[in-house]
Each structure stands twice: as C-alpha cells, then as structure tokens.
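A.B. asks: Dropping the sequence and predicted coords here.
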Amino acid sequence: MFEAVVMLCLAAGGDTCRDVLLPGYEGGTQAECAARIAAQPPEVPAFSRGSVEAAPRCVPAGPVLDLAEVAPGLWVHEGLIEEPDTENGGDVSNLAIVIGGDSVAVIDSGSARWIGESLWRAIRARTDLPVSHVILTHVHPDHVFGASVIAEAGAEVVGHEGLPRALADREENYLDSLDRLVGAQRMLGTEPPAVTETVADTAEIDLGGRVLRLDAWPAAHTTVDLTVFDAATGTLLAGDLLFHRHTPALDGSLRGWQAALAELEGQGMQVVPGHGDALLPWPEGGTALKRYLDTLARDTRAAIDAGERLGEAVKHIAESERDAWALFDAYNPRNATVAFTELEWE
C-alpha cells in the first residue's frame with residue numbers, strides 16, 4: 001500500500017522534518033497513488049507549526065495503529081498507561097472506531113497527528129467506508145490532537161457544546177507541553193481540531209443501520225465530557241468518565257463526577273474506558289473508580305473539618321488508594337487540590 005505525503009519541516013530548510021500524511025490518496029501501487037494525486041491534486045493543509053518543503057508524493061504506507069475488535073464492528077486501540085514522552089510519542093489513551101453500514105465513526109484521536117495518521121491507516125485496513133465523524137469525548141490533549149487528519153478526509157468533528165471554547169483556552173499550552181514531552185519532530189503537523197458539530201444535551205449519529213447516542217454531561221471529569229453509546233452492542237464508550245488502572249484525573253467537579261457515575265450505572269452491558277483495558281463489564285468496571293472518588297471526597301471533607309491547610313491535606317488525601325493505581329504521584333496531589341478547592345465551600 002502506498003500513500004500521499006508532504007515533507008513538513010519545523011523551519012524552512014531545517015533538519016527537523018517528517019512526512020505528513022494526506023489522507024484519501026491511498027493506492028495498492030505507487031502508480032495508483034500517483035494517479036489519484038494527478039486526477040485530483042490534494043489541498044495541502046496550512047500548518048501553523050512548520051513549513052511544507054516539497055510537492056505531494058507517494059511513499060510506502062507508514063505505521064498502522066493496533067486495534068482489537070472488542071464487539072462486532074467496534075474496534076479499540078489500548079493506549080499505554082504512561083505519561084507522554086519521547087518513547088511512546090504520546091500514545092497514552094484509548095481510541096475507538098465504530099463501523100456502520102454506510103460510514104465509520106472515530107471516538108477520540110490521540111495526542112498528535114502521527115497517531116491520527118496511524119489510526120486512519122488502521123481504518124483503511126478494515127473498511128473502505130468513509131469516516132463521517134470523529135467524536136471527541138473531552139478537551140484533554142491525549143484525546144483530541146489526532147483529529148485534524150481525520151477531518152481532512154471529510155469527517156465532522158463532534159464534541160460537547162463547551163469544547164470549542166475549552167480548546168481555544170488551552171490548546172497552545174497543551175501543544176507547547178507536548179512539544180517538550182514528546183518532542184517537536186514527533187509533534188510536527190499537529191494542529192488543534194476545528195469542532196464542527198456540538199452537543200448540548202443528547203444527539204444521535206446514524207452510521208447506516210447503527211445509531212450512536214451522544215450525551216453531554218455537566219462538569220465531572222472535565223467541564224466538557226461527552227459519552228457515546230453503541231446500542232448495537234450495548235457498549236458505552238465513556239471517555240475519561242471511566243479510568244481503569246490509570247490514576248483518575250480530576251479537572252472538573254468531584255461531586256459532578258460521582259453523580260455522573262451513578263447515572264451511568266444503568267447504561268449498557270460493557271464499557272470502553274478512556275484509559276486502561278480496552279473493554280470492561282459494566283457497571284462492575286466502574287467499581288474501583290467509584291471507590292477512589294468516594295475516598296477522595298471522604299478524606300478531603302475530613303481534612304477540611306479538621307481545619308487543615310491545603311498544603312498539608314494533599315499529602316495524605318486518598319493515600320489509601322496508592323497501591324490500586326498507576327501514576328499515583330502524578331495525579332493524586334492534583335486531584336486532592338481540586339477536591340479541596342471544591343468541597344471547602346460546601
């Protein structure tokens with residue numbers, strides 16, 4: 001398989017460069033790919049970080065993201081339970097695709113364009129159907145920054161009604177941080193996604209005999225959480241409203257997250273979390289997260305009632321959960337800070 005690419009460099013004439021995929025020009029041979037370019041020359045995106053050094057050309061297809069079929073027509077990529085770095089390239093969150101009769105939906109897209117490119121190739125290895133939607137479950141960078149390459153192929157970018165503002169407020173800081181953690185070369189071509197459809201309450205997407213229900217949530221894990229329910233398989237794609245093995249990250253409302261979990265308990269038979277194993281039974285798969293959030297709330301209220309200062313309280317809040325989660329020291333102090341700030345005003 002061959003694909004169309006352009007060479008993108010961090011600076012004109014520089015040595016920090018990489019080939020960037022132009023989706024939709026794949027061919028079984030180099031000649032077939034070149035013929036597609038000649039028949040309909042691609043519109044090269046305007047990259048804000050980097051300079052295009054040459055005209056589109058055809059090269060052998062690049063890496064394909066691993067996907068496992070966890071239910072009929074539902075494929076999941078299991079991200080690493082690690083912080084983004086130069087070794088993993090930011091591949092640290094779960095992503096999914098749902099294949100309907102007429103089109104495909106992508107749920108979350110990874111930390112960088114290279115992940116979106118690898119996901120595109122994985123889709124093309126399984127179906128020729130168009131990708132109609134890329135659904136972003138929340139604002140965090142490990143879920144959103146691969147979306148632009150899928151959008152260039154014609155997909156609508158869907159998110160919570162608050163997602164465009166949340167992205168605008170954070171995207172530059174997110175990208176600067178990922179440049180430092182993952183490396184500028186690996187991040188080349190990564191652009192903030194332009195959200196084209198928003199969900200204020202509930203919406204449906206028909207993929208052709210397969211309907212996805214999208215639900216927007218009040219502040220919980222973040223202020224812009226969105227879940228996807230695949231009725232055909234009884235599967236809830238929860239985004240980061242569900243963590244498994246990876247220490248949860250609280251960036252919204254502790255009480256709101258507890259309420260959301262309680263409401264979600266009756267939805268579906270199985271669940272795809274934002275981090276952790278690709279598929280879990282439901283609601284059993286949420287037991288550990290519920291326990292962690294309850295412990296976080298209980299310990300925080302006890303510290304407030306005891307008159308502790310925040311700096312003292314974060315050293316022991318939810319400490320009993322340490323052995324149950326990976327990356328505990330990276331996330332639990334932040335969670336305790338957010339919880340303390342919220343609950344001290346009860």
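C.D. replies: Everything's here; your move.
A.B. asks: Please report the distance of C9 from W217.
C.D. replies: Between C9 and W217 the computed distance is 41 Å (Cβ to Cβ, to the nearest Å). Every residue, glycine included, has its C-beta placed from N, CA and C.
A.B. asks: more neighbours, those two?
C.D. replies: Applying other Cβ atoms under 10 Å to C9 and W217 shows that W217 carries more neighbours, namely 25 against 19.
A.B. asks: Next one, pLDDT for the residue nearest to that one when sequence neighbours are not counted please.
C.D. replies: Using Cβ to Cβ, 6 or more residues apart in numbering and skipping residues adjacent in sequence, the residue nearest W217 is D225, 4.3 Å away. For D225, the pLDDT comes out at 98.
A.B. asks: May I have the residues that are in contact with D225?
C.D. replies: Each residue near D225 by Cβ atoms under 8 Å, 6 or more residues apart in numbering is listed here: T137, H138, H160, A216, W217, G239, D240, L241, G252, A260.
A.B. asks: Format the residues you listed as TSV; extra columns: distance to A203, secondary structure and pLDDT.
C.D. replies: Below are the contacts of D225 laid out as TSV (distance: Cβ to Cβ, whole Å; DSSP: H, G, I helix; E, B strand; the rest coil; pLDDT from 0 to 100):
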residue	distance to A203	secondary structure	pLDDT
T137	14	coil	98
H138	16	coil	98
H160	11	strand	98
A216	8	strand	98
W217	13	coil	98
G239	15	strand	98
D240	20	strand	98
L241	17	strand	98
G252	21	coil	98
A260	18	helix	97
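A.B. asks: Not counting sequence-adjacent ones, nearest residue to G285?
C.D. replies: V271 (5.2 Å).
A.B. asks: Kindly list the single helix or strand of the chain that scores lowest on mean pLDDT.
C.D. replies: In the chain, the helix or strand scored least confidently by mean pLDDT, DSSP states H and E is strand 51-52, which has a mean of 90.
A.B. asks: which residues in this structure form helices?
C.D. replies: When assigned using DSSP state H, the helices of the chain occupy the ranges 30-39, 113-124, 141-144, 147-152, 163-182, 184-187, 254-264, 287-305, 310-313, 328-343.
A.B. asks: helices or strands next to the fourth one in the packing?
C.D. replies: It stands for helix 147-152. In terms of contacts (3 or more Cβ pairs under 8 Å, 6 or more residues apart in numbering; DSSP states H and E), helix 147-152 is packed against strand 17-27, helix 113-124, strand 131-135, strand 156-160.
A.B. asks: Let me see the mean pLDDT of the third one.
C.D. replies: The one in question is strand 131-135. Here the average pLDDT along strand 131-135 is 98.
A.B. asks: Equivalent analysis for the first one, please.
C.D. replies: Averaged across strand 17-27, pLDDT comes to 95.
A.B. asks: Return the list of strands paired to that strand, each annotated with direction.
C.D. replies: The pairing partners recorded for strand 17-27 under DSSP bridges are strand 2-9 (antiparallel).
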